[in-house]
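# Just the structure for this:
(2 chains)
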Amino acid sequence: MYVLFFLGTLLCLGLAHRRIARQVWLAGFFSTLLAVTLVGMPLMPVVDMHKFSEPNDEERTYYEVRIVDTAGNELEFDDRATPPTVGSRTSTIAGDMVAEYDDAERMAMGEFFVSNAIEYRAEIESGGPPVSERLQPPRYVDDERWTADELGEYEAFEAVRVYERTITFTDDTTAVESNTERLRLTVDVADHTITEHDNT
Amino acid sequence: MSAFVNYFADDSRSSPFNLAVVRVLLGAWVLWRVVSLDWGFYGEWPDHHVNDPIAYLHQDVFFALLPYQQWVVAALLVSFIVGYKIRWTGGLASLLLMHMLAVKSTIYLAGTVESLFVCAYFILLFAFFHEDDVLSVDALLRTRDRSLDQLNAFLTEGPNRVYRLRALKWGLVVVGLLYLGAAWGKIMNGPLEIWLSGAELRQDVLEAQEVIGVDRPLAAPIFEFELLGWIGFVGTALVQLSLLVAVLLGLPITLSVLGLLGFHASVIAMLGLYFIDMFLVLSLFVAWDVGYRAIAADSNDAELVYDDRCGFCVRSLYLFKHLDINDSVRFYSRSDVPTAVADRDDVDLDAGLSLVRDGEVYGGYEALRQLLRQFRIFAPLTLVMGLSPVRAVGHRAYEYLARNRSHRSVSGPETNRS
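So this is what the prediction gives:
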């Protein structure tokens, strides 16, 4: 289907001076777009925009990745180190690290986070990010970025920890009642060890 | 007069201005996005982390090509923006971009990516209806296929020109369908009372504040007034559904679009910079030509005399005729100048171009500058053209072209015969 879309579009473009070619393409494209919209699942390269459309549980759970230095200090991961993800996607990945991945996959993901955090840290500590980055479109998640001052308080990064956080709300949903954290996983890249924490 | 145009109800306008504005806005925005993204990094993600339904797109070779495709798309977009070979530069830029976005989506299909897909669909529609876009390099090049007589007839003809803007007609349906999906998704996925209570909205806002760690004072009212949560859902669903309904029924879309802009502004106030690309997408349906008509209306009528046997001159004036939204310029060929103008001592018909406005006569380079000034939107350019050094160079360049204009004839059928 994916390849067919591109080949079909190229063919119709080549014949675009013929009305029938345009009509065929429009009919095919809009039928697909309508189906994708009604079903709510993209059929690449045709997408839907069902956003914030699934009701959540009254209790919300998300996973937080923290970078750990050689002294054991923790720092919440800055997603700018691993584009294109932002917090919600990093949370999904961290959740998969806890519940889905095998140890090899956990280690690979841990190494990925640590190595890129080290690289990103070096960029910040050397005065970055580059000026050209200021000309880029703003991120849609406006979380705080790491600063050189903040990073100066940390030793070398060597591990990641995944925390499970649970948010509960007051009955009238006008305020957060609690936000608790539970350590679920440590991937120590330096020691090449993985520790599951069961601290219920 | 509507601020936003329902092109589905009527895809014709008296000016091609909107199509050119949209092409430039859209192309520039996508270009900015494409060159800003870190395409080279995406291939570094571990292979086991993919969106399963599109895992077949998570191929090393696709990721390896992304940083190169980025610059190919950028080059194609620059051509698209100026309107050069729109069918292929736009078509290929759109298809390549869709593929790049699809590959990127194997890591993360965010709203930003979906918005860029929408922009890519628009560019593709421009490619399919490329001949509608007459304020483009393509249109200028197409004048080579027309005879001198045809071009002169076009320049000297009266008002009542009609332009079709079919890319915007179908683009509007795309946007209408996507917003329909945004409302439909909620109806499909959850019992309506969950949304109507406003609890889901309040929890989303509280969760975002908690996770991101940013306090948003503008969101405070939805916690103080329960009714706002209900209004937030019902109002959003209404404007999202109403756009497609208005489009298909041929009704004005201004209220729907303003409602959607309000919805996006409130999302930004409560959650952050989500869906900012949709401001650009919705702005594509602004009646830009209405604003342009009002700006250009400040100019008094002018009479322009040009050399109708000089193909280069005639072709050069082609875009100005399309830009003349208020029909404020009367184009006279040198062989058909009205006596009132021809008898004036200060009009030099051999100067190539002469412009008369408010009793003042401008010739040569200055006539060209005043012609640009007539349309107001080129004000910065005419200011620069009026600076002494630029004017000196401009005069020389103009004189060179005017001296040699007899050699710059069109190669159309009429000229070849004569």
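# Strands along the stretch 1-150 of chain B, start to end?
Using DSSP state E, counting those that start in this stretch, the strands found in the stretch 1-150 of chain B span residues B:12-13.
# now the stretch 301-418 of chain B
Secondary structure of the stretch 301-418 of chain B (DSSP E, counting those that start in this stretch): strands located at B:302-306, B:329-333, B:354-357, B:360-363.
# and residue B:159, how many residues sit next to it?
Around residue B:159 there are 8 other residues, counting by other CB atoms under 10 Å in any protein chain shown. C-beta coordinates here come from the backbone N, C-alpha and C atoms, glycine included.
# pull the helix or strand with minimum mean pLDDT from chain A.
Least confident helix or strand, chain A: helix A:87-99 with a mean of 90, by mean pLDDT, DSSP states H and E.
# could you point out which element follows that helix?
helix A:103-125 (DSSP states H and E).
# Report the contact partners of the residue nearest the centre of chain A.
Nearest to the geometric centre of chain A sits residue A:89, at 2.5 Å (CA atoms, centre = their mean). Shown in contact with residue A:89 (CB atoms under 8 Å, 6 or more residues apart in numbering or on different chains): A:79, B:107, B:108, B:110.
# now do 7 Å
Neighbouring residues of residue A:89 by CB atoms under 7 Å, 6 or more residues apart in numbering or on different chains: residue B:108.
# For whatever residue of chain B ends up closest to chain A, give me its contacts.
At 3.1 Å from chain A, residue B:185 is the closest residue in chain B, using CB to the nearest CB. When contacts are counted by CB under 7 Å, 6+ apart, residue B:185 is found next to A:40, A:50, A:53.
# Now tabulate those residues in CSV and tack on pLDDT, distance to chain B and neighbour count.
Output for these, formatted as CSV (pLDDT from 0 to 100; distance: CB to the nearest CB, whole Å; neighbours: other CB atoms under 10 Å in any protein chain shown):
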residue, pLDDT, distance to chain B, neighbour count
A:40, 89, 5, 16
A:50, 81, 3, 23
A:53, 75, 3, 19
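# Format those as a markdown table; extra columns: secondary structure.
Output for the contacts of residue B:185, formatted as a markdown table (DSSP: H, G, I helix; E, B strand; the rest coil):
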| residue | secondary structure |
| --- | --- |
| A:40 | coil |
| A:50 | coil |
| A:53 | coil |
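# What distance do you get for the residue located most distally from the centre of chain A to chain B?
Distance from the C-alpha centroid of chain A peaks at residue A:18, with 44.1 Å (CA atoms, centre = their mean). Between residue A:18 and chain B the computed distance is 11 Å (CB to the nearest CB, to the nearest Å).
# in the chain, which segments are predicted with low confidence?
Since you didn't name a chain, this refers to chain A. A:199-200 (pLDDT under 70).
# Chain B was what I was after
Low-confidence segments of chain B, defined by pLDDT under 70: B:1, B:351, B:406-418.
# Show me it divided up by domain.
Following automatic domain parsing, one finds the domains of chain B at B:1-12+B:165-295, B:17-132, B:297-417.
# Of those domains, flag the one that's most buried.
Neighbour counts (mean count of other CB atoms under 10 Å in any protein chain shown) averaged over each of those peak at domain B:17-132, with a mean of 20.
# Just confirm yes or no for that one near chain A.
Yes - applying CB under 7 Å from any CB of the partner chain, one finds domain B:17-132 in contact with chain A at B:32-33, B:36, B:38, B:41-42, B:45-46, B:48-49, B:54, B:57, B:87, B:91, B:95, B:98-99, B:102, B:104, B:107-108, B:110-112, B:114, B:117, B:127-128.
# Contacts only, for residue A:105.
Neighbouring residues of residue A:105 by CB under 7 Å, 6+ apart: residue B:48.
# what do you get if the cut-off is 10 Å, keeping everything else the same?
Applying CB atoms under 10 Å, 6 or more residues apart in numbering or on different chains, we find residue A:105 in contact with A:96, A:97, B:46, B:47, B:48, B:49.
# Please identify which of the residues you listed is nearest to residue A:124.
residue B:46 (23.6 Å; CB to CB).
# List the contacts of the nearest residue to that closest one once chain neighbours are set aside.
Of all residues not flanking residue B:46 in the chain, residue A:108 sits nearest, at 4.4 Å (CB to CB, 6 or more residues apart in numbering or on different chains). Contact analysis of residue A:108 by CB under 10 Å, 6+ apart lists A:101, A:102, A:187, B:45, B:46, B:47, B:48, B:49.
# And residue B:182, by the same measure?
Residues in contact with residue B:182 (CB under 10 Å, 6+ apart) are A:37, A:48-53, B:236-237, B:240-241, B:260, B:263, B:275.
# So which bits of the stretch 201-350 of chain B are right by chain A?
Within the stretch 201-350 of chain B, the positions adjacent to chain A are B:201-214, B:216, B:220, B:222-224, B:226, B:229, B:236, B:240, B:244, B:267-268, B:271-278 by CB under 10 Å from any CB of the partner chain.
# rerun that using 6 Å as the cut-off
Residues of the stretch 201-350 of chain B lying close to chain A (CB under 6 Å from any CB of the partner chain) are B:202, B:203, B:206, B:207, B:210, B:211, B:212, B:223, B:272, B:273, B:274.
# Looking at the residues you listed, which two lie furthest apart in space?
Top of the distance list for those (CB to CB): B:223 and B:273, 21.4 Å.
# nearest to residue B:382, of the contacts of residue B:182?
Nearest to residue B:382 among the contacts of residue B:182, with distances taken as CB to CB, is residue B:260, at 37.2 Å.
# who are the neighbours in contact with the residue lying closest to the closest one once chain neighbours are set aside?
Among residues not flanking residue B:260 along the chain, residue B:239 sits closest, at 5.2 Å (CB to CB, 6+ apart). With contact taken as CB atoms under 6 Å, 6 or more residues apart in numbering or on different chains, residue B:239 is in contact with B:256, B:259, B:260, B:263.
# I'd like the list of these that fall within strands, please.
Per DSSP state E, strands hold no members of those.
# want to try JSON lines for these, with distance to residue B:296 as columns?
Shown next, in JSON lines, are those (distance: CB to CB, whole Å):
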{"residue": "B:256", "distance to residue B:296": "29"}
{"residue": "B:259", "distance to residue B:296": "31"}
{"residue": "B:260", "distance to residue B:296": "29"}
{"residue": "B:263", "distance to residue B:296": "33"}
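# now residue B:45: how far from residue A:123?
Using CB to CB, to the nearest Å, residue B:45 is found at 19 Å from residue A:123.
# Over to residue A:46?
Residue A:46 sits 37 Å away from residue A:123, going by CB to CB.
# The two: which is more packed in?
The neighbour comparison of residue A:46 against residue A:123 (other CB under 10 Å) goes to residue A:46, with 23 against 16.
# for that one, phi and psi?
Phi and psi for residue A:46, reported as degrees, to the nearest 10, are phi -100, psi 130.
# Contact partners for it?
Counting by CB under 6 Å, 6+ apart, residue A:46 touches A:32, A:33, A:36.
# List the beta-bridge partners for it.
Beta-bridge pairing of residue A:46, defined through DSSP bridges, involves residue A:43.
# same question, residue A:65
residue A:162.
# The contacts of residue A:46 also near chain B: which ones?
Restricting the contacts of residue A:46 to those near chain B by CB under 6 Å from any CB leaves residue A:33.
# And the contacts of residue A:46, which of them are buried?
A:33, A:36 (16 or more other CB atoms under 10 Å in any protein chain shown).
# Check the contacts of residue A:46 against chain B and report the nearest one.
Relative to chain B, the closest of the contacts of residue A:46 is residue A:33; by CB to the nearest CB it sits at 5.5 Å.
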